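Trainee: With the input below, show me the fold.
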Amino acid sequence: MTAANDLKKSLVALDQDSTLIGVIELSQKSWLVGGMVPGVAREPLKKLAADEAALLKLLHRWREEAIRAGRPITRIAVAFEAGRDGVWLARWLRKRGIEAYVIHPTSVTVSREHRRAKTDRLDVALLKRAFLGWLRGEPGHCRMAAIPTLEMADARRPNRERQSLGEEKTRIVNQLKSALAWLGVRSFNPLLRKAPERLAAVRTPDGEPIPPNTQDELLRMMARLHLIKQQIKALETARQERLETAPDSGPHAMVRLLARLKGIAIDTADTLVHEVLARELRDDRAVARYAGLTGSPDESGKRRREKGLARAGNARVRRCMLQLAWRFLMFQPDSALAQWYHTRTKDAGKGARKTMVVALARKLLIALWRYVRTGVAPEGVILRADA
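Mentor: Down below sits the predicted model:
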């Protein structure tokens, strides 16, 4: 049975005599648009400036050509690869009555030649063949990416900004510690609130004050660190206010449900919900594949080996789940998943344990995905006392 959100093939029958098909090779300054126009022998190819209005005008012009050739157009389908521009163009076209799809770049088969030719024209032809096969309902040509609404995409921004600020905070702290270590200063803590005021009194092991240029650099880094801490606190406060304002609406209810599990904090719950759990994924395999927690076997003839994680999914979810898997073993030792892990690694070495924790992360992600949809907690997990 085909799922409603199965994006491996089109669920609408293709009538090629009344369907205008177009593909777009996007770049920063220009777009190359290729089309298949019913009733027109040539396959038009047009280079445009990066302008959505010009693209819509071109599609309408091709539609008029088809009508003049005696082929009335009832459907216009356009596709392009996911990339730097994201999916805003697909949303824009859909609002104007155009079927727009976003192709997973890794799902398009390319030549395996060591030095294959690659131009925008060749890429358009490749996309056109893949998209046409997808429209015909033939699986294996390409896969489409789900297009989130603007609200769903916007809901991910605070969490991603929080993660980016955390990485920037770590980088500045490391720079501060490195600058002090270069001077031989070990007793001064640059993370204290009054650290900038006390910096002038710090002395090197030789009894010398910190050189003026280095001192100014340290002060500027401390100022940036203070600003980042304020921004992180503001993001966390805003997130808490959103959860309290609408605690039972959509993703907020999922976040509160996940946060009931011991070992999962609000940060982790918010990341998982907005990055993966709130998405309409098809089944368990799709959940694991989206996180890049599936394997990549290499089998040919007698050769049988595993090349490791596919890493083709959401890197944020993958990093979060690997960290959560280790934490889950600590805070949920009596759960069925933790017992499964300990049974499989009872007599194994460190390398095997690190490998099996990836399998645990995959199983845990699927269990959490089921939990937020059914409300049934994974077997043996402990809920917080204040839940």
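Trainee: Kindly confirm my reading that residue 307 forms part of a helix.
Mentor: No: using DSSP: H, G, I helix; E, B strand; the rest coil, the assignment for residue 307 is strand, not a helix.
Trainee: What count of nearby residues applies to it?
Mentor: 9 (other Cβ atoms under 10 Å). The C-beta positions use only the backbone N, C-alpha and C, and glycine is treated the same way.
Trainee: need the contact list for it.
Mentor: Each residue near residue 307 by Cβ atoms under 8 Å, 6 or more residues apart in numbering is listed here: 295, 296, 297, 298.
Trainee: Tell me which two of the residues you listed sit farthest apart.
Mentor: 295 and 298 (9.9 Å; Cβ to Cβ).
Trainee: so of the contacts of residue 307, which ones are in strands?
Mentor: 295, 296, 297, 298 (DSSP state E).
Trainee: quick one, longest helix in this protein?
Mentor: When the chain is parsed with DSSP state H, its longest helix is helix 212-245.
Trainee: So which other helices or strands are in contact with that helix?
Mentor: helix 157-183, helix 195-198, helix 250-259, helix 266-272 (3 or more Cβ pairs under 8 Å, 6 or more residues apart in numbering; DSSP states H and E).
Trainee: Now for residue 318: which residues touch it?
Mentor: 291, 292, 293, 309, 311, 361.
Trainee: The same query, at a cut-off of 6 Å, please.
Mentor: Going by Cβ atoms under 6 Å, 6 or more residues apart in numbering, residue 318 touches 291, 292.
Trainee: so which strand or helix has residue 304?
Mentor: strand 303-309 (DSSP states H and E).
Trainee: repeat for residue 102
Mentor: strand 99-103.
Trainee: which residues sit against that strand?
Mentor: By Cβ under 6 Å, 6+ apart, the list of residues contacting strand 99-103 reads 77, 78, 79, 81, 82, 87, 90, 93, 94, 142, 144, 145.
Trainee: now with 10 Å?
Mentor: 7, 10, 12, 19-24, 75-83, 85-87, 89-94, 127, 130-131, 134-135, 141-147 (Cβ atoms under 10 Å, 6 or more residues apart in numbering).
Trainee: tell me, what's touching residue 295 and residue 298 both at once?
Mentor: 306, 307.
Trainee: out of the two, which sits in the more crowded spot?
Mentor: residue 295 (14 against 10).
Trainee: so that one makes contact with residue 306?
Mentor: Yes: assessed by Cβ atoms under 10 Å, residue 295 is found in contact with residue 306 at 5.6 Å.
Trainee: got the CA positions of the strand holding residue 304 in CSV?
Mentor: The C-alpha coordinates for strand 303-309 follow below in CSV (Å, rounded to 0.1, in the frame of the first residue of the first chain):
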residue,chain,number,x,y,z
ARG,A,303,32.9,-9.0,-0.8
ARG,A,304,30.8,-8.1,2.1
ARG,A,305,31.6,-5.1,4.2
GLU,A,306,30.0,-2.1,5.9
LYS,A,307,31.2,1.4,5.1
GLY,A,308,29.6,3.0,8.2
LEU,A,309,26.8,5.5,8.5
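Trainee: That's all I had, so thanks and see you.
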